[in-house]
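Peer 1: Here's my sequence, what's the structure:
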Amino acid sequence: MSADASWDAIVLGAGAAGMMCALTAGQRGRRVLLADHADAPGRKILISGGGRCNFTNLHTAPDRYLSANPHFAKSALGRYTPRDFLALIERHGIAWHEKTLGQFFCDGSARQVVDMLAGECAAAGVTLSLGHAASAIEHGDGGFRVTIDGAEHTAPALVLATGGPSIPKLGATTFAYDTARRFGLSIVQPRPALVPFTLGPDDALFRELSGVSAEVEVRWNKVRFREAALFTHRGLSGPAMLQISSYWQHRTPIAVDFLPDAPADWLLAEKREKPRATLRRALSARLPERLADALLARLGLAGELGELRDAVLRGAQSALAGWTFSPTGTEGFAKAEVTAGGVSTADLSSRTLEARRVPGLYVVGEAVDVTGWLGGYNFQWAWASGWAAGQAL
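Peer 2: Numbering: from 1, shown residues only. Here you go, the predicted structure:
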């Protein structure tokens with residue numbers, strides 16, 4: 001695209017939120033330019049959900065999002081719901097299934113979602129510009145001037161939909177934050193979210209369990225999640241750990257209940273019923289053997305249940321129900337599924353996602369300080385915030 005042009009709106013970022021915003025505005029008769037520095041739209045969508053795109057969550061609710069303003073997401077989420085996006089999926093004949101915890105996935109490929117959104121954009125008359133970054137953005141005379149591949153594009157409205165810095169190998173940058181700052185918007189410190197933990201030398205024993213997983217309950221302060229945890233060669237991952245990582249603060253411990261379904265005093269009951277059974281056998285009946293061995297090695301316990309004092313067994317129960325890990329950090333933006341923090345909600349309208357002090361400037365999706373739980377919540381925020389802005393353009 002080389003010639004200068006004028007538009008009703010310019011949307012920067014052809015990801016989930018950007019495409020939803022563009023197609024929504026286009027359907028309302030707006031002339032929209034959707035631009036992205038990548039050479040194809042929806043790159044993050046394509047790798048999501050193991051390639052099957054966990055495109056929404058049935059249990060979407062504002063309390064499943066992190067933000068400096070916990071009420072901010074209510075308006076958009078309330079007006080564009082999981083059922084609305086599901087209706088779009090079904091209209092395109094895309095087969096889907098519900099997994100645990102309300103998660104919706106494509107039966108086939110995430111490519112179907114990208115093709116659907118791209119097709120909706122085309123049908124709505126959206127012009128797509130790929131492979132060239134916006135090299136300059138100016139604001140004045142009631143509009144915006146954006147230079148892309150040497151051509152100047154003007155519009156009364158500009159939408160920042162370029163996400164956060166998570167997964168830089170897909171081209172993620174801080175572009176949205178840098179641009180928002182130029183226009184006087186404040187940024188809540190970005191940090192990696194839904195990201196694996198790293199463990200230090202003190203927990204080397206557990207790093208040797210790489211590949212072992214177990215269902216646990218993990219706690220940090222008053223937040224808790226019950227899902228699978230996975231040991232890696234660097235530390236802790238799996239859904240439970242990714243979930244708690246979004247809340248975790250550096251240099252604080254997390255607590256893990258390795259036996260969330262075990263009844264109270266279960267080891268004492270086992271001792272009464274099977275005094276000749278070994279502690280290892282009792283534990284490995286409930287946990288993967290390698291994990292059971294590692295936990296018992298750290299506890300320094302072995303032998304038959306009947307040989308161990310009740311106080312010792314109660315101590316083991318307590319340790320297994322509240323095992324503390326002190327992560328040294330996380331694997332950072334390179335492995336983070338999303339970014340927490342971002343453009344401050346205090347500077348945006350919760351109804352339209354428009355900047356309060358810069359008429360015509362909108363910020364949607366991951367670039368905003370709204371971060372969902374694992375399991376389709378972040379896509380639902382992308383659809384809802386993109387739709388809300390598209391309705392306002």
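Peer 1: gap between the residue nearest the centre of the chain and Leu158?
Peer 2: Centre of the chain computed as the mean C-alpha position; nearest residue by CA atoms, centre = their mean is Val338, 4.3 Å away. Distance of Val338 to Leu158, given as CB to CB, to the nearest Å: 23 Å. All C-beta atoms are positioned from the backbone trio N, CA, C, and that covers glycine.
Peer 1: got it, and Ala16?
Peer 2: 19 Å.
Peer 1: go on, Gly200?
Peer 2: Per CB to CB, Gly200 is found 45 Å from Leu158.
Peer 1: The two: which has the busier surroundings?
Peer 2: Legend: neighbour count by other CB atoms under 10 Å for Gly200 and Leu158, higher for Leu158 (27 against 13).
Peer 1: Could you check how far the strand or helix carrying Ala316 is from the centre of its chain?
Peer 2: Ala316 is part of helix 310-321, with elements assigned from DSSP states H and E. Centroid displacement of helix 310-321 relative to its chain, using CA atoms, centre = their mean, to the nearest Å, is 36 Å.
Peer 1: what comes up buried for it?
Peer 2: Neighbour-count burial for helix 310-321, counted by 16 or more other CB atoms under 10 Å, picks out 313, 316-317, 320-321.
Peer 1: and which of those is nearest to Ala9?
Peer 2: Checking the buried residues of helix 310-321 against Ala9 with CB to CB, the nearest one is Ala321 at 54.1 Å.
Peer 1: For the closest one, give its distance to Tyr65.
Peer 2: 29 Å.
Peer 1: just so I have it, where are all the strands in the stretch 201-350 of the chain?
Peer 2: 213-220, 223-231, 235-237, 254-257, 323-325, 329-330, 338-343 (DSSP state E, counting those that start in this stretch).
Peer 1: tell me what the last one is packed against?
Peer 2: If contacts are counted by 3 or more CB pairs under 8 Å, 6 or more residues apart in numbering; DSSP states H and E, strand 338-343 sits against helix 175-182, strand 187-193, strand 371-372.
Peer 1: about what we covered before: hmm, which two among the buried residues of helix 310-321 are most spread apart?
Peer 2: Pairwise distances across the buried residues of helix 310-321 peak at 12.5 Å for Leu313 and Ala321 (criterion: CB to CB).
Peer 1: check contacts around the spatially closest residue to His233 that is not a sequence neighbour.
Peer 2: Leaving aside its chain neighbours, His233 sits nearest to Ser210 (4.3 Å; criterion: CB to CB, 6 or more residues apart in numbering). Applying CB atoms under 8 Å, 6 or more residues apart in numbering, one finds that Ser210 lies in contact with 231-233.
Peer 1: Also Val343?
Peer 2: Val343 touches 160, 176-177, 180, 185-188, 363, 367-369, counting by CB under 8 Å, 6+ apart.
Peer 1: Which among these count as buried?
Peer 2: Buried among these (16+ other CB under 10 Å): 160, 176-177, 180, 185, 187-188, 363, 367-369.
Peer 1: For those residues, please prepare a markdown table with the additional fields distance to Gly375.
Peer 2: As requested, the buried ones among the contacts of Val343 are exported to a markdown table (distance: CB to CB, whole Å):
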| residue | distance to Gly375 |
| --- | --- |
| Leu160 | 26 |
| Ala176 | 24 |
| Tyr177 | 26 |
| Ala180 | 28 |
| Leu185 | 29 |
| Ile187 | 26 |
| Val188 | 23 |
| Val363 | 24 |
| Ala367 | 21 |
| Val368 | 19 |
| Asp369 | 20 |
